[in-house]
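> build me a structure from this.
(2 chains)
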Number of protein chains: 2
Amino acid sequence: MALKIRKNRSPEPPPGCPLTECMSVIGGAWTPNVIWSLRAGPRRFSELRLDIPPVSPKVLTMRLRGLEEKGVVNRKVRPTSPPSVEYSLTALGEELVPAIEAIVAVGHKIKQR
Amino acid sequence: MALKIRKNRSPEPPPGCPLTECMSVIGGAWTPNVIWSLRAGPRRFSELRLDIPPVSPKVLTMRLRGLEEKGVVNRKVRPTSPPSVEYSLTALGEELVPAIEAIVAVGHKIKQR
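Numbers count the residues shown, from 1 in each chain, chains lettered A, B, ... in the order given. Here you go, the predicted model:
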């Protein structure tokens, strides 16, 4: 006899699952690192490169564009000499910070094992 | 004159960055969904398939194996008739739940925009 499907199903995600939704924002390689780096204030491209040494310029550009399109990151050209471009978290981006902090907290626990 | 690198650098990740560490565990497509589904107790493969309709059997198998290797998920053969295989969260797996809950909470906020 086939086994019955049990009832301990985790609450069903509503349509447009928030988990999938949020992971589509923070899921790409280095994306959480970018958000983490901008937590302390606006950073320029070259500064982000220093913050996240393993990320290639190509991937960092892609991530910043993606995050800008999703409304997580704000791109601002500043009238410095030479002109500079600064990236910062939007209000939505700030809301992602606690989730990334929770991930970091678990990361610490994983490392302690 | 080149612009100076500013001092507002987010605290540097320690070697073996916890963020990268944790994302390597929960980062794959559907991985957080698997952990979310197991939150409510052990589930079988067929039950997980129902929980996460878009996931293909191939990817689900890969994810469960990966999570087992990383010590997040426990695989147990049960002496039912027919024999059945049950997946559950290990203690480490349980520790990931708050991080995923934080991601879900932000997901809800993203959806409200």
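> in what helix or strand does residue A:108 lie?
In this assignment (DSSP states H and E), residue A:108 forms part of helix A:91-112.
> now do that helix against helix B:91-112, angle only.
Orientation of helix A:91-112 against helix B:91-112 (axes from the mean of the first three to the mean of the last three CA atoms, to 10 degrees) gives an angle of 180 degrees.
> how far does helix A:91-112 sit from its chain's centre?
When distances are taken as CA atoms, centre = their mean, to the nearest Å, helix A:91-112 is centred 10 Å away from the chain's centroid.
> same check, this time on stretch A:103-113
Using CA atoms, centre = their mean, the distance from the centre of stretch A:103-113 to the centre of the chain it belongs to is 18 Å.
> let's test this: mean pLDDT of it, rounded?
Here stretch A:103-113 scores 81 as its mean pLDDT.
> same check, this time on stretch A:56-70
What stretch A:56-70 shows for mean pLDDT is 94.
> what residues of that stretch count as buried?
When burial is assessed from 16 or more other CB atoms under 10 Å in any protein chain shown, stretch A:56-70 yields the following buried residues: A:59-60, A:62-64, A:66-67, A:70. (Each C-beta comes from the backbone N, C-alpha and C, glycine too.)
> can you redo those residues as TSV with distance to residue B:81 and secondary structure?
What follows is the buried residues of stretch A:56-70, written out as TSV (distance: CB to CB, whole Å; DSSP: H, G, I helix; E, B strand; the rest coil):
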residue	distance to residue B:81	secondary structure
A:59	51	helix
A:60	55	helix
A:62	52	helix
A:63	51	helix
A:64	56	helix
A:66	50	helix
A:67	52	helix
A:70	50	coil
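> now render those residues as a markdown table, adding distance to residue A:30.
Conversion of the buried residues of stretch A:56-70 to a markdown table gives the following (distance: CB to CB, whole Å):
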| residue | distance to residue A:30 |
| --- | --- |
| A:59 | 6 |
| A:60 | 7 |
| A:62 | 9 |
| A:63 | 6 |
| A:64 | 10 |
| A:66 | 11 |
| A:67 | 11 |
| A:70 | 15 |
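> which one of these is nearest chain B?
Distance to chain B across the buried residues of stretch A:56-70 (CB to the nearest CB) is lowest for residue A:70, with 8.5 Å.
> list the contacts of the closest one.
By CB atoms under 8 Å, 6 or more residues apart in numbering or on different chains, the residues touching residue A:70 are A:25, A:92.
> quick one, phi/psi of it?
Recorded main-chain torsions at residue A:70 are phi -80, psi 0, according to degrees, to the nearest 10.
> now do residue A:77
When read as degrees, to the nearest 10, the backbone of residue A:77 gives phi -90, psi 130.
> how much space is there between the nearest residue to it once chain neighbours are set aside and chain B?
The shortest distance from residue A:77 to any residue that is not its chain neighbour, by CB to CB, 6 or more residues apart in numbering or on different chains, is 5.5 Å, and that residue is residue A:85. Here residue A:85 is placed at a distance of 10 Å from chain B (CB to the nearest CB, to the nearest Å).
> so residue A:85 lies in a strand, does it not?
Yes. If the criterion is DSSP: H, G, I helix; E, B strand; the rest coil, then residue A:85 is within a strand.
> that one reaches residue A:75, doesn't it?
Yes. Between residue A:85 and residue A:75 there is a contact at 6.3 Å, judged by CB atoms under 8 Å.
> so for these two, which residues contact both of them?
When CB under 8 Å, 6+ apart defines a contact, no residue borders residue A:85 and residue A:75 alike.
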